[in-house]
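Asks: coordinates for the following, if possible.
(chains A and B)
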There are 2 protein chains.
Amino acid sequence: MYLEKVAELKKFYQDTLFNDVLPFWLKSDLIDKENGGFITSVDREGKSYNDDKSVWFQGRCLWTFSKLCNVYGVNEEWAQAADSGAKFIKEHCIDEDGRMFFTVTKDGQPLRKRRYFFSESFLVVGFAEYYLLRKNEEDLRLAEKYFDLMYTLYLDPSKDPFKITPKENADVRALRSNANPMVLVSSAQTLRRVTGKTEYYDEIIAKIVADMLNLHYKEDLKCVLETVYLDGSILDNAAGRTINPGHSIENSWFLMNYAVQTKDEALLKKALNILDWSLDIGWDEECGGIYYFRDVYGRPCEQLEHDMKLWWVHNESLIATMVAYKLTGDEKYKAWYEKLHDYSFGHFTDKEYGEWYGYLHRDGTVSHTQKGSLWKGPYHLLRCLILCDQILGAYDKETLPALL
Amino acid sequence: MYLEKVAELKKFYQDTLFNDVLPFWLKSDLIDKENGGFITSVDREGKSYNDDKSVWFQGRCLWTFSKLCNVYGVNEEWAQAADSGAKFIKEHCIDEDGRMFFTVTKDGQPLRKRRYFFSESFLVVGFAEYYLLRKNEEDLRLAEKYFDLMYTLYLDPSKDPFKITPKENADVRALRSNANPMVLVSSAQTLRRVTGKTEYYDEIIAKIVADMLNLHYKEDLKCVLETVYLDGSILDNAAGRTINPGHSIENSWFLMNYAVQTKDEALLKKALNILDWSLDIGWDEECGGIYYFRDVYGRPCEQLEHDMKLWWVHNESLIATMVAYKLTGDEKYKAWYEKLHDYSFGHFTDKEYGEWYGYLHRDGTVSHTQKGSLWKGPYHLLRCLILCDQILGAYDKETLPALL
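Replies: Purely as a prediction, here's the structure:
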C-alpha cells in the first residue's frame, strides 16, 4: 500500500494532522493566553513542566500556524496564535544589538543568548509565512532584514554585534559547521518563494550550496560531515568524523527542491546521493529506525544519545523519501518511504494522548513521555504532516517548489 | 557473602585493580610518550580515537598514578606517568590569566576554556597527592594556590580574571550550583589531610558545607537539588527540579568522611540522609542500576540520557555504601552494597578487553563500547577500587579519613 494509494495516504496525513496532532497542541498549554507567545515544554498530556520560552519555537510556531492558514484556509484560532507569536517575538525576543535571544521567561525577560543564528533563522521563515497570511509589508521587511543579518554573519563572523567569548580557540583550530549553510538555504528558499526576488536569492543560494558541496559533501566517504576545517579538510576526531543522518536527510530535500526550481540535474543527483548515503549509514539494521549520530569510520561516538531514535529525524526522512520518489519514480525510495512510515507511525505515536513521543531508546522503547521541550514542539511533525499531504497532492514535480 | 568476607572482597578489588583495570590503561594509548600528559579517549581495546586532551583528566590521572604509588608503594612506571602529567599541566594547561583550560591539543595548544573551576579542582587534588609522592614543596604550593583561587571565585565570581560572557542572564535569574561547593569540599579535605593545616581548611569547609546544607539540601523533599536560586529557593522548571543521584551519593561520602574527621554526628546523619534519599529515588526498580537524572516531582526530565546507567555513579555508590556500613553497621547499607556490587560488576565489566564500559542503556545493555573519553578515564573506577580495598582494610572508623 502507501505511496501508490495516494488518496488513502492523504487521508491518513490529514486525519493525523486534524484529529490527533493539532487538537493535542490546541488543548495543551502551548498558547500562552496571558503573556502571548508559546510554551512548548509540555508533558505527555499537554501540561507545561517548564514555562521558559524557546525563541526558536516562537518563530517555528509562527511558521506552523501561518502555514496552516495559508495551506488549509484561515482559521481564527490559528491566525490569532500566529498574531500572538509575531507580537511576542517583536517585543521580547530581540536584544538591543539586534541579535536574538535563545530563551526568555514566560513574560518575556531575556534568559539566554547564544552565538548561533538559529533563532534568527526561525524568525525569517516564521515572518515570511506570516506575511502571506496578514500581508503586512513590515513583517516581510523584518524577515528580509534578518536573513541579511544571518548571511552577513555567515560571510564574516567578525561583524557580529554580539561579542561573545569564542567557544573554541580559532587560532589553534578553526572549523565550520554545515548547520549554518543549511539553515541559510532553507531561509533563502522561503524568501525566494515569498518575495519573488529570484535573482537576489539565487545568487546567495548558489554561493552557499557551493560551500556545502565543496567543503562538507564527501563523495569518497559517501557522507556529509557536520564539522570540517575551514578548507573542508577532515578533523580526525569524534567531532570531525560525526555524521548526523537526520540533518543530512533534511538538507537533502532542501537541495532536491532547489535543484527542481533551478532545473539543476547535477545538484539533484548530489542531493539524492546525500539521501542515499544517510539512509544507508543511518538505518539501524538490528532494531529499525535511524540513529541520531554515526562516526564515518565506525569509531566510537561521543554523544551519550548517539543511538537513540529521534522523532524529527523520522519526519525529515518521510518528507525526503516522498520527494525523492516523486522526483525520480525510483522504487527504492518507495521502499524506504514504506519502511520509514511503518517504523515511525508504529513507534512514535502516542495512541492514548495523541502527538508523537520525541525520543526512543535504540530498541524502540519510549525514553521520554513528554510531547514538548525547548527542542520539540509543533514543528517537525506538523511540517511533515502538512508537506506530505501537499506533496501527495502535487500534480507533478514542477509544482513541488511552491509547496515546500 | 561480600561485606562480611573482607579478605575475599579485598582480594577481588586488588585483582580487578592489578590484573584488569590497571593493565588495560598501561597497555592503552593513555600515556603520551611523545608529548607528555594523557589521552583518555580510547576505544574498547585501548586505542585512541581522539587525541585531544582533557585538562580535567591531566589532573585526575596525576591523582591516580600518585595515589597508586602512595598506597601500594612506588612503581617506576606509575611514578613516571605522574611526573609526565605534572609537567604537562604546568607547561600547557594554564592560561596567562591563571585560569586553566578545558581541552588542549595533544601537543598542548589551548582549544577550549570554560567558566567553571573544575579543571582547577583536579589540579588541586592531583598536585596534593603528587606532593606526597615526590615531596617537592613547589607542587604543594601550586595546589594550595589553586584551591585559594577556586574559593575566591566561589565567594565572588566577579573576581574571575576570565571575563567570559555569562551563560545565563543573572539579572533575570541568578542561580547557584551544588557542584561548586562539592568540589571545594573534596579539594579542601585533600589539602587538609596533606598539609595538616586543619584549622585553615576546617573554617572553609564549615562555611561551604553550611551553604550546601542550607541551600541545596531539602529535608522536606528528601533530596539535594543541583541548581537553586541564590537564597536556596526552588526554580520550578526541569533544571531546578533536577536530582543527580550519582552526584549526591558522591557528595554523601565526602560529607560522611568530614563528619568523622570532626566528630560531627549531626552532619553524619545528614550525609546518611543524602545517601538514603539518593538511593531511593535513583534506583531503577524495573531494570536495576541507578538513573543518571531524576525530577524531584516526577515531572519529565529534559536530558536525553536521563535514564542511562553511568559507570561513575555506580563507583561512587559502591564507595558510599561501604563507608556507610563501616560507620553505622546498619544492615541496610550492606544490602545496598551487595545489590550495587552485583549490578555493577555484572553489567559494566568488559570480560574480553578489561576495564568497564562507561554507558549502559536503561535496560543494562551496552550503549558505548569505548573505555575512555574526555569524561571517562582512569579515575572513578580506579579510585573506587583503591578506596574500597583501603576501606575494607581500615582498622576502625577513625582510620577512614586518612584513606579517603
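
Asks: so which residue of the stretch 101-250 of chain A comes closest to chain B?
Replies: A:N237 (4.1 Å; C-beta to the nearest C-beta). (C-beta placed from N, C-alpha, C; glycine too.)

Asks: shouldn't that residue be within a strand?
Replies: No: according to DSSP: H, G, I helix; E, B strand; the rest coil, the state of A:N237 is coil, so it is not within a strand.

Asks: so who does the closest residue to it other than its chain neighbours touch?
Replies: Leaving aside its sequence neighbours, A:N237 sits nearest to B:N50 (C-beta to C-beta, 6 or more residues apart in numbering or on different chains; 4.1 Å). By C-beta atoms under 8 Å, 6 or more residues apart in numbering or on different chains, the contact list for B:N50 reads A:N237, A:A238, A:E302, B:I39, B:S41, B:S373, B:L374.

Asks: low-confidence ranges in chain A?
Replies: For chain A, the stretches flagged by pLDDT under 70 are A:1.

Asks: again, 90 this time
Replies: A:1-5, A:163-168, A:394-404 (pLDDT under 90).

Asks: how far away is the nearest residue to A:G288 once chain neighbours are set aside from chain B?
Replies: Of all residues not flanking A:G288 in the chain, A:Y343 sits nearest, at 4.9 Å (C-beta to C-beta, 6+ apart). Distance, A:Y343 to chain B, by C-beta to the nearest C-beta, to the nearest Å: 19 Å.

Asks: buried residues in the host helix or strand of A:Y343?
Replies: Following DSSP states H and E, one finds A:Y343 within helix A:331-347. Within helix A:331-347, the residues scored as buried using 16 or more other C-beta atoms under 10 Å in any protein chain shown are A:Y333, A:K334, A:W336, A:Y337, A:K339, A:L340, A:H341, A:Y343, A:S344, A:H347.

Asks: which outside residues touch it?
Replies: A:2-4, A:279, A:288-290, A:309, A:314-315, A:317-318, A:321-322, A:324-325, A:360, A:364.

Asks: so A:F117 touches A:L153, yeah?
Replies: Yes: contact criterion C-beta atoms under 8 Å: A:F117 and A:L153 qualify, at 5.5 Å.

Asks: so for those two, which sits in the more crowded spot?
Replies: Per other C-beta atoms under 10 Å in any protein chain shown, whichever of A:F117 and A:L153 has more neighbours is A:F117, with 28 against 21.

Asks: contacting residues for the nearest residue to that one once chain neighbours are set aside?
Replies: Of all residues not flanking A:F117 in the chain, A:M150 sits nearest, at 4.7 Å (C-beta to C-beta, 6+ apart). By C-beta under 8 Å, 6+ apart, the contact set of A:M150 is A:F117, A:E120, A:S121, A:V124, A:V183, A:L184, A:S187.

Asks: how close does A:M150 get to A:M182?
Replies: Distance check for A:M150 against A:M182: by C-beta to C-beta, to the nearest Å, it reads 12 Å.

Asks: now swap in A:L213 and tell me
Replies: 12 Å.

Asks: ranges for the helices of the stretch 51-200 of chain A?
Replies: A:55-72, A:76-92, A:118-134, A:137-155, A:179-195, A:198-211 (DSSP state H, counting those that start in this stretch).

Asks: chain B contacts on the stretch 251-400 of chain A?
Replies: A:299-302, A:304-308, A:359, A:361-363, A:365, A:367-370, A:373-374 (C-beta under 8 Å from any C-beta of the partner chain).

Asks: just the buried residues of those.
Replies: Of these, these count as buried by 16+ other C-beta under 10 Å: A:299-302, A:304-308, A:359, A:361-363, A:367-368, A:370, A:373-374.

Asks: so the residue of the stretch 101-250 of chain A closest to chain B touches B:K53, yeah?
Replies: No: A:N237 is beyond contact range of B:K53, at 11.3 Å (criterion: C-beta under 8 Å).

Asks: coming back round to it: what's the separation between the residue nearest to A:F117 and A:A143?
Replies: Counting by C-beta to C-beta, the gap from A:M150 to A:A143 is 11 Å.

Asks: overlap in contacts, these two.
Replies: Counting by C-beta under 8 Å, 6+ apart, the residues touching both A:M150 and A:A143 are A:V124.

Asks: on that earlier part again, the residue of the stretch 101-250 of chain A closest to chain B: neighbouring residues, count only.
Replies: Neighbour number of A:N237 under other C-beta under 10 Å is 18.

Asks: also A:D97?
Replies: Around A:D97 there are 11 residues (other C-beta under 10 Å).

Asks: tally of neighbours for A:K27?
Replies: Count around A:K27 with other C-beta under 10 Å applied: 12.

Asks: one more: the one 4 residues further on?
Replies: In terms of burial, A:I31 registers 18 neighbours under the definition other C-beta under 10 Å.

Asks: which residues touch it?
Replies: Taking C-beta under 8 Å, 6+ apart as the definition, contacts of A:I31 comprise A:F38, A:A81, A:S84.

Asks: ok, residues contacting stretch A:352-359?
Replies: Residues contacting stretch A:352-359 (C-beta under 8 Å, 6+ apart): A:20-21, A:23-25, A:44-46, A:305, A:308-312, A:348-350, A:366-373, A:375-376, A:381, B:304.

Asks: first residue to last residue on that stretch, what's the distance there?
Replies: 17 Å (C-alpha to C-alpha, to the nearest Å).

Asks: what comes up buried for that stretch?
Replies: A:Y353, A:G354, A:E355, A:W356, A:Y357, A:G358, A:Y359.

Asks: quick one, phi psi at the second one?
Replies: In this case it means A:G354. phi 90, psi 170 (degrees, to the nearest 10).

Asks: show me the contacts of stretch A:352-359 that map onto strands.
Replies: A:K309, A:L310, A:V366, A:S367, A:H368 (DSSP state E).

Asks: beta partners for the residue nearest to the last one when sequence neighbours are not counted?
Replies: Ranked by C-beta to C-beta, 6+ apart and with sequence neighbours excluded, the top spatial neighbour of A:H368 is A:Y359, at 4.4 Å. Listed by DSSP bridges, the beta-bridge partners for A:Y359 are A:L310, A:H368.

Asks: now the helices: where do they sit in the stretch 251-400 of chain A?
Replies: Counting by DSSP H, counting those that start in this stretch, the helices of the stretch 251-400 of chain A are A:265-282, A:311-328, A:331-347, A:380-393.

Asks: among those helices, which comes closest to A:G98?
Replies: Nearest to A:G98 among the helices of the stretch 251-400 of chain A is helix A:380-393 (27.5 Å), distances taken as C-beta to C-beta.

Asks: how about the residues of the stretch 101-250 of chain A by chain B?
Replies: A:105, A:109-113, A:163-165, A:167-169, A:172-173, A:237-238.

Asks: if I read this right, A:R383 contacts A:C61, doesn't it?
Replies: No: contact criterion C-beta under 8 Å: A:R383 and A:C61 do not qualify, at 11.4 Å.

Asks: A:L9 against A:T16, yeah?
Replies: No: with contacts counted by C-beta under 8 Å, A:L9 stays clear of A:T16, the gap being 10.7 Å.

Asks: between A:L213 and A:M182, which has more neighbouring residues?
Replies: A:M182 (22 against 19).

Asks: on that earlier part again, any idea how far the residue nearest to A:H368 lies from B:M308?
Replies: Counting by C-beta to C-beta, the gap from A:Y359 to B:M308 is 12 Å.

Asks: pull the number of nearby residues for A:K10.
Replies: 16.
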